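# predicted model and sequence below, questions to follow.
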Amino acid sequence: MALIKLQNVEDFYEIGEELGSGHFGQVRAVRERATGARWAGKFLKLRRSVSSRLGVERKSVEREVEILQCLQHCNIMALRDVFESRAEVVLIVELISGGELFDFIAEKENLSENEAIEFMKQILKGVGFMHSKHIAHFDLKPENIMLSDKHVEHPHIKIIDFGLAQRLTPGEQYRSLCGTPQYIAPEVVNYEPLSVATDMWSIGVITYILLSGMSPFQGDSDEETLRNIVTMNYEFEDHYFNQTSAMAKDFIEKLLVKDPSERMTAEECLLHPWIKPLTRKQAANRSRSSINMKNFRKFNARRKWKMSYNMVWACNRLCRLQLLCKTSAKEDRDLRSCESDQEDTDTKPASLIRRRLSSSS
Ligand code: ATP
């Protein structure tokens, strides 16, 4: 377990502006007093009692810290320090100032598949490293793929948010109903054992969106999205994929496979001809193809809108919870574990409430 300092974080770091926020707190820029170096501080409110529905359980924070400590890789957000007070834990992490990869791409005029592949390679390297340590992220989605600096010629990918990540112990099964509907694998929806292959499905979904601006399983409601996932109801509509290479579609098809053991691993992905062409013809096909920018920009604008909507929804819910604190603890074991893709409902469907539970067996 990481050494968690019981000192006051403000004695060591000057707290600056807010950089972002999540379900359990804020991420703020911080400056190390001793060196002047800039970092980010993730402030996580701790759950006060077992029956409380607010804040994150200490053991979840410990898990996130322990996992981040093992993951020292150039494509994964680095952890520097951890402080704990009575009410919160502060993770001091590498400052990632380039914003989200999808926002960076949406600002571009055009993006060739070749350029997209340079980003995919870095994501795969980070994920492959994580998987080699038997750690699965379980929340891979565009919001968690950032750039360290967007003003350099070749921006560097950083994977963030290990709040749902798990170290998988060989011989033990892990099941969870966590994640964001659009990106979760069929085994999550079906409450079957999860593995590192669960992340590879999410990479298939992210690649599909990156190339077309369409989300492969998105339905009009979360229930419909989940149904589309378990029935594998997706296709490459010509209208959205007319600029996409056949190799890119093959790459996605080898990830969106229902049986997790049949999915490509991160290492296999890095050797797929779309990522690593073997012949000149394959390389030429790739460089002639591009991503559907018009549709991608639409997707991204809609995604940002939903994120703001979800944030307002979560704030309203938090206020209501604070007022109605006496409700049962059973229903909501982990607020962070599920985020709806729906925009227009105040009541979460039964399947999603169920999906907040998670367990290891
Ligand atoms: P969630 O609600 O998705 O579980 P969370 O509470 O675990 O979120 P993060 O996803 O880790 O929090 O961070 C929330 C936001 O803060 C991110 O979407 C990102 O915009 C910003 N952020 C996180 N880490 C950093 C960082 N190291 N540098 C800069 N900004 C960051």
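Looks like it arrived, so ask away. Numbering: from 1, shown residues only.
# which residues touch Ile76?
126, 129-130, 158-159 (CB atoms under 8 Å, 6 or more residues apart in numbering). In this view, the C-beta of every residue, glycine as well, is placed from N, C-alpha and C.
# and the closest residue to the ligand within the chain, how far is that from Val93?
Taking CB to the nearest ligand atom, the ligand has its nearest neighbour within the chain at Gly22, 1.8 Å off. Using CB to CB, to the nearest Å, Gly22 is found at 13 Å from Val93.
# look up how far Phe241 lies from the spatially most central residue of the chain.
Against the mean C-alpha coordinate of the chain, by CA atoms, centre = their mean, the closest residue is Leu140 at 3.0 Å. Using CB to CB, Leu140 is found at 22 Å from Phe241.
# check which helix or strand covers Pro155.
Following DSSP states H and E, one finds Pro155 outside all helices and strands.
# tell me if I'm right that Ser287 and Glu115 touch.
No. At 9.8 Å, Ser287 does not count as touching Glu115 under the criterion of CB atoms under 8 Å.
# and the longest strand for the chain?
strand 13-22 (DSSP state E).
# mind listing what it pairs with, with the direction of each?
Within its sheet, and counting by DSSP bridges, strand 13-22 is paired with strand 25-32 (antiparallel).
# show me what the strand it pairs with is in contact with.
Here strand 25-32 makes contact (CB under 8 Å, 6+ apart) with 9, 12-21, 37-45, 56, 88, 92, 95.
# can you give me the strands for the stretch 251-361 of the chain?
Applying DSSP state E, counting those that start in this stretch to the stretch 251-361 of the chain gives strands spanning 358-360.
# low-confidence ranges, it, go.
Within the stretch 251-361 of the chain, the stretches with pLDDT under 70 are 311-361.
# and Ser215, how many neighbours?
For Ser215, the neighbour count with other CB atoms under 10 Å is 21.
# surely it is within a strand?
No. Using DSSP: H, G, I helix; E, B strand; the rest coil, the secondary structure at Ser215 is coil, not a strand.
# flag every residue of the protein that's near the ligand.
Contact residues (CB under 6 Å from any ligand atom) of the chain with the ligand: 19-24, 27, 40, 42, 77, 93-96, 143, 160-161, 163, 336.
# need the residues touching each of Gly22 and Val93.
Joint contacts of Gly22 and Val93 (CB under 8 Å, 6+ apart) are Lys42.
# all helices for the stretch 51-200 of the chain, in order.
58-70, 101-106, 113-132, 186-189, 197-212 (DSSP state H, counting those that start in this stretch).
# go through those helices and pick out the most buried.
helix 197-212 (a mean of 25; mean count of other CB atoms under 10 Å).
# helices or strands up against the next helix or strand after it?
Next helix or strand after helix 197-212 toward the C-terminus (DSSP H and E): helix 222-230. Using 3 or more CB pairs under 8 Å, 6 or more residues apart in numbering; DSSP states H and E, the elements in contact with helix 222-230 are helix 186-189, helix 350-354.
# how about Lys5, nearest residue that isn't a chain neighbour?
Phe83 (4.9 Å; CB to CB, 6 or more residues apart in numbering).
# what about that neighbour, distance to Glu107?
As for Phe83, its distance to Glu107 is 36 Å (criterion: CB to CB).
# neighbour-wise, which of the two wins?
Neighbours per residue (other CB under 10 Å) separate Phe83 from Glu107, with Phe83 holding more: 21 against 10.
# for the more buried one, give the beta-bridge partners.
In beta-bridge terms (that is, DSSP bridges), Phe83 pairs with Lys5, Val90.
# pLDDT at it, what is it?
Per-residue confidence (pLDDT) for Phe83: 96.
# what does the one 10 residues further on give?
pLDDT, Val93: 97.
# identify the residues contacting it.
39-42, 68, 77-80.
# quick check: closest non-adjacent residue to Gln122.
Ile157 is the one closest to Gln122 (CB to CB, 6+ apart), at 3.8 Å.
# look up how far Val257 lies from the one you found.
From Ile157 to Val257 the distance is 24 Å (CB to CB).
# Gly126 too?
Taking CB to CB, one finds Gly126 at 22 Å from Val257.
# Leu211 versus Glu115, what's the distance?
If you go by CB to CB, the gap between Glu115 and Leu211 works out to 12 Å.
# please save the CA atoms from stretch 83-102 in PDB.
C-alpha atoms of stretch 83-102 as PDB (Å, rounded to 0.1, in the frame of the first residue of the first chain):
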ATOM      1  CA  PHE A  83      -2.200  13.200   1.400                       C
ATOM      2  CA  GLU A  84      -5.000  12.300   3.700                       C
ATOM      3  CA  SER A  85      -7.100  14.300   6.100                       C
ATOM      4  CA  ARG A  86     -10.200  13.400   8.000                       C
ATOM      5  CA  ALA A  87     -12.500  14.300   5.200                       C
ATOM      6  CA  GLU A  88     -10.500  13.800   2.000                       C
ATOM      7  CA  VAL A  89      -7.600  12.200   0.200                       C
ATOM      8  CA  VAL A  90      -5.500  14.300  -2.200                       C
ATOM      9  CA  LEU A  91      -3.600  12.500  -5.000                       C
ATOM     10  CA  ILE A  92      -0.800  14.700  -6.400                       C
ATOM     11  CA  VAL A  93      -0.400  13.600 -10.000                       C
ATOM     12  CA  GLU A  94       1.300  14.700 -13.200                       C
ATOM     13  CA  LEU A  95      -0.300  17.800 -14.600                       C
ATOM     14  CA  ILE A  96      -1.800  17.000 -18.000                       C
ATOM     15  CA  SER A  97      -2.400  20.300 -19.800                       C
ATOM     16  CA  GLY A  98      -3.300  19.400 -23.400                       C
ATOM     17  CA  GLY A  99      -6.900  18.600 -22.700                       C
ATOM     18  CA  GLU A 100      -8.800  15.600 -24.100                       C
ATOM     19  CA  LEU A 101      -7.600  13.900 -27.300                       C
ATOM     20  CA  PHE A 102     -11.100  14.100 -28.900                       C
END
